[in-house]
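J.: Next input, structure requested:
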Amino acid sequence: MLLEVADLHAGYGSSKALFGVSFDVAEGEVVTLIGRNGMGKSTTVKSITGLLAPTAGSIRFKGRPIHGVAPHRICRAGVGLVPEGRGIFPNLTVRENLVMAGRLGSGEKAPWTFDRVLAFFPRLAERLTNGGAQLSGGEQQMLAIGRALMTNPDLLILDEATEGLAPLIRQQIWKALDELKATGLAMIVIDKEIEALVGFADRHVVIEKGEVAWRGTTAELLADASIQETYLSV
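T.: Residues are numbered from 1 along each chain as shown. Purely as a prediction, here's the structure:
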């Protein structure tokens, strides 16, 4: 198993946010974390990527524990993050945002190089000298994904993959993620577009009030309308 999250507890000061979250991700698999806002999805991502130290439980990546490990070491281990809000550097150019994230991969797959990222997102090639703050929302999201790919991850995590984007741009992002899935890249995806997630992912984990309320395959989710009504409706 590529990623194993077991009995994960985490919070912010005296406020607890996660209460025993457990799930896993296999090589080449796409798993979603879904649920209403404020249920613990982003906290789970922060714990996996080292941005928040868990208070209990374990996180193992490629069989090795990474809970409590510094974020840059988790990145070097092969976990790439496209954070909520994109998190690009506004004062750096597109070129600089990409180059600064470059990391050699394991060598087992074709590496994500600067040229390969530009071929994947041609729009970025047209904007190389523009600062991050000069890009549209869609271009910033492409840059955030491209920057994460430059780290040559074995697991790519996208927190709110298409948040705030126009419908046409959302379609472009989902198409890009489909192409990434076809390369065998494992992913964890958070997004509010449940219909898009269902058509894209292999398995789903519903987070409700900091706990795993349900987990299963896309077929199982589609077969149980009560899950969507209970945990996903606004």
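J.: Wait, a strand at Ala6?
T.: Yes: counting by DSSP: H, G, I helix; E, B strand; the rest coil, Ala6 is part of a strand.
J.: what's around it, how many residues?
T.: 14 (other Cβ atoms under 10 Å). Backbone N, C-alpha and C define where each C-beta goes, glycine included.
J.: Can you tell me how far it is from His67?
T.: 9 Å (Cβ to Cβ, to the nearest Å).
J.: what secondary structure does Leu84 sit in?
T.: Slight slip there: residue 84 is Glu, not Leu. Strictly by three-state DSSP, Glu84 counts as coil.
J.: for it, what are its contacts?
T.: Ser42, Asp159, Glu160, Glu163, Ile190 (Cβ atoms under 8 Å, 6 or more residues apart in numbering).
J.: how does it look with 6 Å?
T.: Ser42, Asp159, Glu160 (Cβ atoms under 6 Å, 6 or more residues apart in numbering).
J.: Pull the contacting residues for Gln141.
T.: Applying Cβ under 6 Å, 6+ apart to Gln141 gives the contacts Arg86.
J.: Of all the residues in the helix or strand hosting it, which ones are buried?
T.: Per DSSP states H and E: Gln141 is located in helix 137-149. Across helix 137-149, burial judged by 16 or more other Cβ atoms under 10 Å covers Gly138, Glu139, Gln140, Gln141, Met142, Leu143, Ala144, Ile145, Gly146, Arg147, Ala148, Leu149.
J.: Count the residues that sit near Ala17.
T.: Residues within reach of Ala17, counting by other Cβ under 10 Å, total 21.
J.: how deep is Thr43 tucked in, by neighbour count?
T.: 23.
J.: which residues of the protein fall in helices?
T.: 41-48, 71-77, 94-99, 114-120, 122-125, 137-149, 167-182, 194-198, 218-223, 225-227 (DSSP state H).
J.: Give me the distance between the third one and the centre of its chain.
T.: Right, the one you point to is helix 94-99. Remark: helix 94-99 is offset 20 Å from the chain centroid, using Cα atoms, centre = their mean, to the nearest Å.
J.: Equivalent analysis for the second one, please.
T.: In terms of Cα atoms, centre = their mean, the gap separating the centre of helix 71-77 from the centre of its chain is 15 Å.
J.: List the residues that contact Leu92.
T.: Counting by Cβ under 6 Å, 6+ apart, Leu92 makes contact with Gly132.
J.: how close does it sit to Leu128?
T.: According to Cβ to Cβ, Leu92 stands 11 Å off from Leu128.
J.: swap in Leu51?
T.: Applying Cβ to Cβ to Leu51 and Leu128 gives a distance of 29 Å.
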